[in-house]
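**Student:** Return atomic coordinates for the entry below.
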Amino acid sequence: TVLFIAVDQLFRGADVITSRDEVIRLAHLALRAGDAAIEVSAFLPASLYLLQAVGLLEESDWIYHYDLALQLHSSGVEACFVLGKFDVLNELSRKVVQNAVCLKDKIRVYVSLIS
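**Tutor:** Numbering: from 1, shown residues only. Predicted coordinates:
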């Protein structure tokens, strides 16, 4: 779809984005693309969108953009689980467990870990 094409093109130029607000907007778009890809069982592209977006985040985004960071990591865990990328899954899971503020926010990751 157009969303996938747009996100692909934006990531090609991501290294020249200097505005933090623009980086966060790109991460939001990548989350939408990743979740849309998961919905149609396209887990490889989903993992690429989500992991690229996670790479855009800074540690402070767990404070200032908590929902975005949580959703990117949690969706990334799900995509990596299906693909068998357990090393990446473990790293993303560790960050969620470390930064999530309540058990409810950790449940999605815990379900993937015990599956």
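
**Student:** use CA for all of it now, contacts and neighbours both
**Tutor:** Noted.

**Student:** Please, which helix or strand holds the most centrally placed residue in the chain?
**Tutor:** The residue lying closest to the centre of the chain (C-alpha atoms, centre = their mean) is Leu72, at 2.5 Å. Element membership for Leu72, per DSSP states H and E: helix 66-83.

**Student:** what do you get for Arg32?
**Tutor:** Arg32 is located in helix 20-39, with elements delineated by DSSP H and E.

**Student:** Identify the residues contacting the helix or strand following that helix?
**Tutor:** Downstream of helix 20-39, the next assigned helix or strand under DSSP H and E is helix 43-56. Under the criterion C-alpha atoms under 8 Å, 6 or more residues apart in numbering, residues 7, 23-24, 26-27, 30-31, 33-38, 69, 72-73, 75-76, 79-80, 82-83 lie in contact with helix 43-56.

**Student:** What remains of those residues if I keep only buried residues?
**Tutor:** Taking 16 or more other C-alpha atoms under 10 Å as the criterion, what is buried in the contacts of helix 43-56 is 7, 23-24, 26-27, 30-31, 33-38, 69, 72-73, 75-76, 79-80.

**Student:** in stretch 88-102, what's buried?
**Tutor:** Neighbour counts using 16+ other C-alpha under 10 Å place 89-90, 92-93, 95-97, 99-100 of stretch 88-102 among the buried residues.

**Student:** Likewise for stretch 47-59?
**Tutor:** Neighbour-count burial for stretch 47-59 [16+ other C-alpha under 10 Å]: 47-54, 56-57.

**Student:** so can I have a markdown table of the residues you listed showing distance to Ile114 and pLDDT?
**Tutor:** Output for those, formatted as a markdown table (distance: C-alpha to C-alpha, whole Å; pLDDT from 0 to 100):
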| residue | distance to Ile114 | pLDDT |
| --- | --- | --- |
| Ser47 | 20 | 98 |
| Leu48 | 23 | 97 |
| Tyr49 | 24 | 98 |
| Leu50 | 21 | 98 |
| Leu51 | 22 | 98 |
| Gln52 | 25 | 97 |
| Ala53 | 25 | 98 |
| Val54 | 23 | 98 |
| Leu56 | 28 | 96 |
| Leu57 | 27 | 97 |
